[in-house]
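Enquirer: using only what follows, build the 3D model:
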Amino acid sequence: MGNTRDFAFSDLIAGYVTHYDADNDSFGLKTSDGREFHCTLSPMSYAKLVQNLDEGYPDATGLIRSMLVPGRFLFTYGIFYPDSPKFDAKQIVFVGRHENDYIFEKPNWWIDQVRSLANFYLKAQFGDGEINYRNYRTTLSLSGARSTVNFRQETDTISRLVYGFATAFMMTGDDKFLEAAEKGTEYLREHMRFVDLDEGIIYWYHGIDVQGEREHKIFASEFGDDYDAIPAYEQIYALAGPIQTYRVTGDPRIMSDTELTIKLFNDFFLDKSEYGGYFSHLDPVMLDPRSESLGANQGRKNWNSVGDHAPAYLINLWLATGKPEYADMLEYTFDAIAKRFPDYEHSPFVQERFYEDWSHDTTWGWQQNRAVVGHNLKIAWNLMRMYSLKPKDEYRELATKIADIMPAVGSDQQRGGWYDVVERLLGEGETVHRYVWHDRKAWWQQEQSILAYFILAGVLDNREYHRLAREAAAFYNAWFLDTEDGGVYFNVLANGLPYLASGNERGKGSHSMSGYHSTELCYLSAVYTNLLITKQPMEFYFKPLPGGFPDRILRVSPDILPPGRIKIGHCEVNGELYTHFDAEKLTVTLPDTKEQVKVKVQIVPV
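Expert: Numbers count the residues shown, from 1 in each chain. Just a heads-up that it's a prediction; the model follows:
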């Protein structure tokens, strides 16, 4: 029969060494779900360590056999032959130098990675000259080359890149990253912001078309899912970069813009009926979520409109201000998620799209009755952040339920990594949820899995979640980093090789990809690993404007973490030791000065 596997094919196996047989030059490898493979070496087998961006090639070929000790996690790429039950291991990627060593848990791993990413985007967007966002391109090639002549600049991709630069400054203290973040924020304010004086709100253009010295503003979205509407997620992500910049500088203009954008959310997107939640789209004329002109988006709610506030800007806004109204808004959105999104009597995946009354919309566009794997993991990750602010049982219970269910239905337990979009329901006779388009793995969905399991492991001190976090981080660092051209790949094949056929998935910049997810991953992986798991101190950098933060109070908590788990170790202002801080409250009282000062704060685990 044609469907029998009577041919040779190459593939990847991720797993834990069970034994090494020197006489037969072979080893056993057990996958995450407990299946064991018999692997053989040959004189041409070669090996390396996981390689960070900007690192030289870490060859380990001469050490293969001595490193094949029981319990070590590794990847091996090789060949299955139809006439042999053994796997011919051609390449091995070790995740650390020692048996229980995971190289990405070293204190500086993610800091070094974020520095490389920020430098990549600086050079790709601005070359070696001045940082000028007039030269910004939404689309970047695989090597980071920009498109030319007439081009569109999208608000959200600039904002996401600004987030990346601001985050890179917080982690490294490199002033050029802050310059890029501040100039990007200013460019957004000057070119993408619309102040509606009648309504007292701000909304953000979809983007602008730049033609020489002229620009044409694009008001409503021109992205296919949201065409001729104002989608909530575009307004949400317009704040991502500016708010991360605000955490560093305290620029009051950013706060004013944010308050008026939140007024847009609460005046127009918020459903004030008994149903509650936030609508996903407004019509661009009347700002009406129920307008017939919205078509399939009329009176709808979705994951993005309810759940994306928290990770995109709202948690960072609360961290920067400590204002109770932002904690209340966070609680409102997480209560809605915990109440409305679970659908476990029908599917192991949450429901993501809804009608106005929260009944399930299973016919919308491409999504139909399908699950985005990363959205489930994103919910678990953010519920655990919120649990440290408002320790509700329903937050922890839903987060752990998702974390316990998802590996079997959303991950690749032979090769490692996490899938993209799958059918929410099994068909007759099916035991595996079918992939909607492909079995490729996107960079942003790996981020959600890594952060979900690292924070679950750190907050709950759970070894199984730590194992899953390590496996996810290992797959990402082994296969997504472009160590030749820089940056990270958009998608890899199921076997980890980069998918470079065409379109968005080939480039390093697009409508879907900018500098956001990859740098957020670096930032929070470092925070959760160092401060919650391996118990190592971290340094963070700020550069407040004089008179920026109210009462000169700088809040330096890196994320919402369990109370009492971290404190300030020491603080410097302009390179000099500075003692005006509250270690337990994680605040610094800034000096009364007319100059912008540079603050370095060491955060230590308690």
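
Enquirer: which strand residues bridge the closest residue to residue 480 other than its chain neighbours?
Expert: In space, and not counting its chain neighbours, residue 480 is closest to residue 488: 4.8 Å by C-beta to C-beta, 6 or more residues apart in numbering. Placement of C-beta: from N, CA and C, glycine included. Taking DSSP bridges as the rule, residue 488 bridges to residue 481.

Enquirer: now do the helices in the stretch 151-300 of the chain.
Expert: 155-172, 175-191, 232-237, 240-249, 252-264 (DSSP state H, counting those that start in this stretch).

Enquirer: average model confidence for stretch 37-46?
Expert: For stretch 37-46, the mean per-residue pLDDT is 97.

Enquirer: longest strand in the protein, please.
Expert: The longest strand of the chain (DSSP state E) is strand 9-21.

Enquirer: strand partners of it, parallel vs antiparallel please.
Expert: With DSSP bridges as the test, strand 9-21 is paired with strand 26-30 (antiparallel), strand 73-80 (antiparallel).

Enquirer: out of those, the one nearest residue 348 is which?
Expert: strand 26-30 (24.2 Å; C-beta to C-beta).

Enquirer: distance between whatever helix or strand comes next after that closest one and the chain's centre?
Expert: Downstream of strand 26-30, the first helix or strand assigned by DSSP states H and E is strand 36-40. Centroid separation for strand 36-40 versus its chain: 34 Å, with C-alpha atoms, centre = their mean, to the nearest Å.

Enquirer: run through who's touching strand 36-40.
Expert: Here strand 36-40 makes contact (C-beta atoms under 8 Å, 6 or more residues apart in numbering) with 13, 15, 18, 24-31, 76, 78, 85-89.

Enquirer: coming back round to it: who's in contact with the longest strand of the chain?
Expert: 26-32, 36-37, 39, 65, 68-80, 87, 90, 414-416, 471, 474-475, 494-496.

Enquirer: same thing but 7 Å
Expert: Strand 9-21 is contacted from outside by 27-32, 36-37, 65, 68-80, 87, 414-416, 471, 475, 495-496, using C-beta atoms under 7 Å, 6 or more residues apart in numbering.

Enquirer: which among the residues you listed end up buried?
Expert: 27-32, 37, 68, 72-78, 80, 87, 414-416, 471, 475, 495-496 (16 or more other C-beta atoms under 10 Å).

Enquirer: picking up where we left off before, could the helices of the stretch 151-300 of the chain go into a markdown table alongside mean pLDDT and distance to residue 373?
Expert: Shown next, in a markdown table, are the helices of the stretch 151-300 of the chain (pLDDT from 0 to 100; distance: least, C-beta to C-beta, whole Å):
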| stretch | mean pLDDT | distance to residue 373 |
| --- | --- | --- |
| helix 155-172 | 98 | 21 |
| helix 175-191 | 98 | 31 |
| helix 232-237 | 98 | 18 |
| helix 240-249 | 98 | 22 |
| helix 252-264 | 98 | 30 |
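
Enquirer: which residue packs closest to residue 135, ignoring adjacent ones?
Expert: Nearest one to residue 135, counting by C-beta to C-beta, 6+ apart, is residue 126 at 6.0 Å.

Enquirer: distance of the one you found relative to residue 210?
Expert: 15 Å (C-beta to C-beta, to the nearest Å).

Enquirer: what's the answer for residue 346, then?
Expert: For residue 346, the distance to residue 210 - C-beta to C-beta - is 47 Å.

Enquirer: out of these two, which sits in the more crowded spot?
Expert: Per other C-beta atoms under 10 Å, whichever of residue 346 and residue 210 has more neighbours is residue 210, with 19 against 12.

Enquirer: unless I'm mixing things up, that one is touching residue 153, no?
Expert: Yes: judged on C-beta atoms under 7 Å, residue 210 makes contact with residue 153 at a distance of 6.1 Å.

Enquirer: for the residue nearest in space to the middle of the chain, give me its contacts.
Expert: The centroid of the chain falls nearest to residue 517 when counting by C-alpha atoms, centre = their mean (3.5 Å). Shown in contact with residue 517 (C-beta under 7 Å, 6+ apart): 443-444, 447.

Enquirer: could you dump these to a markdown table with distance to residue 275 and secondary structure?
Expert: Below are these laid out as a markdown table (distance: C-beta to C-beta, whole Å; DSSP: H, G, I helix; E, B strand; the rest coil):
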| residue | distance to residue 275 | secondary structure |
| --- | --- | --- |
| 443 | 35 | helix |
| 444 | 30 | helix |
| 447 | 31 | helix |
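
Enquirer: from the residues you listed, pick the one nearest residue 293.
Expert: For these, the nearest to residue 293 is residue 444 (30.8 Å; C-beta to C-beta).

Enquirer: how about the closest one, nearest residue that isn't a chain neighbour?
Expert: Residue 444 sits nearest to residue 517 (C-beta to C-beta, 6+ apart), 4.2 Å away.

Enquirer: any idea how far residue 436 is from that neighbour?
Expert: Residue 517 is 21 Å from residue 436, by C-beta to C-beta.

Enquirer: which regions of this structure sit below the pLDDT cut-off?
Expert: Along the chain, the parts satisfying pLDDT under 70 run over 1-4, 148-150.
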